[in-house]
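Q: I would like to see how this sequence folds:
(one chain, ligands or ions: 2)
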Amino acid sequence: MDRIRIVGGNELNGIIPISGAKNAALPLMIASLLTSDTLTLENVPHLADVELLMRILGNHGVDVAVNGRRERQEDSYARTIHFTCRTIVDTTASYELVSKMRASFWVIGPLLAREGHCRVSLPGGCAIGTRPVDLFIDGLTALGASMEIDAGYINARAPAGGLIGARYTFPKVSVGATHVMMMAATLARGTTVIGNAAREPEVVDLANCLNAMGAKISGAGTATITIEGVTSLSGARHRVLPDRIETGTYAMAVAMAGGDVVLENTDVALLETAVETLRRAGAEIFSTNNGMRIRRNGAGIKPVDIVTDPFPGFPTDLQAQFMALMTRSSGVSHVTETIFENRFMHVQELARLGARISLSGQTAKIEGVERLRGAPVMATDLRASVSLVIAGLAAEGETTVSRVYHLDRGFERLEEKLTRCGAIVERISE
Ligand SMILES: CC(=O)N[C@H]1[C@@H](OP(=O)(O)OP(=O)(O)OC[C@H]2O[C@@H](n3ccc(=O)[nH]c3=O)[C@H](O)[C@@H]2O)O[C@H](CO)[C@@H](O)[C@@H]1O
Ligand SMILES: C=C(OP(=O)(O)O)C(=O)O
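A: Residues are numbered from 1 along each chain as shown. Ligands and ions are numbered 1, 2, ... in the order given. Modelled structure (predicted):
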């Protein structure tokens, strides 16, 4: 199993190209199930989750063709991929596959809308919380579907003439359930109005792509999304938006290690709350033509309290990274996680490096320390794993992060991107 070895102490200086967003690419790929034409996605990141979803979609009948040509070879492996689902050959999404990646459960929306029925395994357990699917069930039920749980699977069936547009307000904000409702409603009869919808940029990206495919969606990016159903969707060409979580992660790495880095192919507007928080912590951040520049020279890291929240709040997917940064702050900070009930697995690993963190319910209290010392640590989930890399960059000596497969789900060529900016980070394959 691969490990990442980091020798801390170097500043980061240079340019880091930001990849396409994993959390946009996944629902966009799933949208290809809604049409028999080709959906072409540009700027698709090369990640374990993307590769797995390609296999899963292949089982449903999606033909996947990857362009051999790389865009801007030196900087990015962004790929252009064509997805064509002439016919859906299997409406079952098996436990073996869905349990490996939660987002693959989202095929339930397009399969139900296009075929009128499907059988989809309940998603697997995940280290960050229980992550139920009640909102998906209630939302699709509101569109007229019957949803039955049977032997670990959901059997979903649309009414005879297909799904029917409806008004439905989510009792809680869910990114995944918003994606699924939006996709399902594109092919429903009549108009659907989703209340308390997720406002994440990835929801807007999916809506833009669906509209390019002929859907009639308005309001994405606000809490109320309106979808007028159409009888069919066509193909389209769409560029996956930049990964705001990867952007924020490298910004935090620079804030932690010091230095001056330009993050290319991204947009400050995608992560304003996180940028504002980093500024309060002492980082200087400027918007550039095609991304942002971040630097921290000399001055220390100031303690800042954060509370995670749905967009536009501070993203839960940057919580672990921010906590890593706060371990070196000049005072006491608090990190409150409101989205997932078990997203503090990195705390005990950060403690191995000398961090002083205590937990009380959903709040972590971090007492900044003068120095961290390298140690062997274990990645427990995707964002927790990169928080350990960030801590390792500022720790004295050597840190090795095991279970790197978590990291490979969501960070494209992390070692290379950091090494090119002066860090000592290498993958050890055994
Ligand atoms: C692939 C992808 O895009 N993943 C992101 C997506 O996950 P995901 O879409 O799974 O997260 P949700 O927004 O659905 O989850 C938010 C909260 O709602 C709860 N919930 C969700 C559905 C449901 O039916 N019932 C229910 O109670 C969840 O347990 C969680 O407490 O948004 C999360 C919140 O920004 C991010 O951390 C994930 O990186
Ligand atoms: C939690 C995440 O992903 P997923 O929803 O696929 O588990 C994440 O991207 O941080």
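Q: Relative to residue 201, how far out is the closest residue to ligand 2 within the stretch 151-300 of the chain?
A: The nearest approach of the stretch 151-300 of the chain to ligand 2 comes at residue 245, 6.6 Å away (Cβ to the nearest ligand atom). In short, each C-beta sits where N, CA and C put it, glycine included. Residue 245 is 11 Å from residue 201, where distance means Cβ to Cβ, to the nearest Å.
Q: now swap in residue 381 and tell me
A: For residue 381 relative to residue 201 (Cβ to Cβ), the value is 22 Å.
Q: wait, does stretch 353-372 contact ligand 1?
A: No - using Cβ under 6 Å from any ligand atom, we find that stretch 353-372 stays clear of ligand 1, coming within 11.2 Å at best.
Q: pull the CA atoms of that stretch into PDB?
A: Below are the C-alpha coordinates for stretch 353-372, written out as PDB (Å, rounded to 0.1, in the frame of the first residue of the first chain):
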ATOM      1  CA  LEU A 353       2.600  15.300  15.300                       C
ATOM      2  CA  GLY A 354       2.300  17.200  18.600                       C
ATOM      3  CA  ALA A 355      -0.900  19.100  18.000                       C
ATOM      4  CA  ARG A 356      -2.900  20.000  21.100                       C
ATOM      5  CA  ILE A 357      -6.600  19.500  20.300                       C
ATOM      6  CA  SER A 358      -9.500  18.600  22.600                       C
ATOM      7  CA  LEU A 359     -13.000  17.700  21.500                       C
ATOM      8  CA  SER A 360     -16.200  18.700  23.100                       C
ATOM      9  CA  GLY A 361     -19.200  17.500  21.100                       C
ATOM     10  CA  GLN A 362     -19.000  19.000  17.600                       C
ATOM     11  CA  THR A 363     -16.400  21.500  18.500                       C
ATOM     12  CA  ALA A 364     -12.600  21.100  18.600                       C
ATOM     13  CA  LYS A 365     -10.500  23.400  20.700                       C
ATOM     14  CA  ILE A 366      -7.000  23.900  19.200                       C
ATOM     15  CA  GLU A 367      -4.200  25.300  21.200                       C
ATOM     16  CA  GLY A 368      -1.500  26.400  18.800                       C
ATOM     17  CA  VAL A 369       2.000  25.000  19.400                       C
ATOM     18  CA  GLU A 370       5.400  26.400  18.500                       C
ATOM     19  CA  ARG A 371       6.400  23.300  16.600                       C
ATOM     20  CA  LEU A 372       5.100  20.000  15.200                       C
END
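Q: May I see the buried residues of the helix or strand hosting residue 276?
A: In this assignment (DSSP states H and E), residue 276 forms part of helix 272-280. By 16 or more other Cβ atoms under 10 Å, the buried positions in helix 272-280 come out as 273, 274, 275, 277, 278.
Q: contacts with ligand 1 among these, please.
A: Within the buried residues of helix 272-280, nothing lies near ligand 1 by Cβ under 6 Å from any ligand atom.
Q: And this protein, what are its domain boundaries?
A: 3-16+243-428, 94-230 (automatic domain parsing).
Q: Endpoint to endpoint, the longest one covers what distance?
A: Meaning domain 3-16+243-428. For domain 3-16+243-428, the first-to-last residue distance is 5 Å (Cα to Cα, to the nearest Å).
Q: mind starting the numbering at 52 from now?
A: Understood, numbering begins at 52; the last thing we discussed is domain 54-67+294-479.
Q: quick revisit: save the domains of the chain as TSV, and put in mean pLDDT too.
A: Conversion of the domains of the chain to TSV gives the following (pLDDT from 0 to 100):
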stretch	mean pLDDT
domain 54-67+294-479	96
domain 145-281	95
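Q: just so I know, which of these lies nearest residue 105?
A: domain 145-281 (10.8 Å; Cβ to Cβ).
Q: Please state the offset of that closest one from the chain centre?
A: Chain-centre distance of domain 145-281: 17 Å, with Cα atoms, centre = their mean, to the nearest Å.
Q: Next one: that domain, is it in contact with ligand 1?
A: Yes - contact of domain 145-281 with ligand 1 (Cβ under 6 Å from any ligand atom) involves 153-154, 180, 182-187, 223, 225-228.
Q: residues near the residue lying closest to residue 156 once chain neighbours are set aside, how many?
A: Nearest residue to residue 156, sequence neighbours excluded (Cβ to Cβ, 6 or more residues apart in numbering): residue 174, at 4.3 Å. Residue 174 sits with 22 neighbouring residues when counted by other Cβ atoms under 10 Å.
Q: now the one 4 residues further on
A: Residues contacting residue 178 under the criterion other Cβ under 10 Å number 14.
Q: Could I get the contacting residues of it?
A: By Cβ atoms under 8 Å, 6 or more residues apart in numbering, residue 178 lies in contact with 393, 396, 431, 432, 435.
Q: cool, and residue 79?
A: Contact analysis of residue 79 by Cβ under 8 Å, 6+ apart lists 90, 92, 256, 257, 260, 289, 291.
Q: what sits up against the helix holding residue 327?
A: 295, 299, 302-303, 306, 319, 336, 343, 345, 353, 355, 357, 363-366, 369, 373.
Q: Stretch 181-193 now?
A: Residues contacting stretch 181-193 (Cβ under 8 Å, 6+ apart): 153, 156, 159-160, 163, 173-174, 176, 198, 205, 207, 214, 217-219, 221-223, 225, 227-228, 231-232, 235, 245, 391-393.
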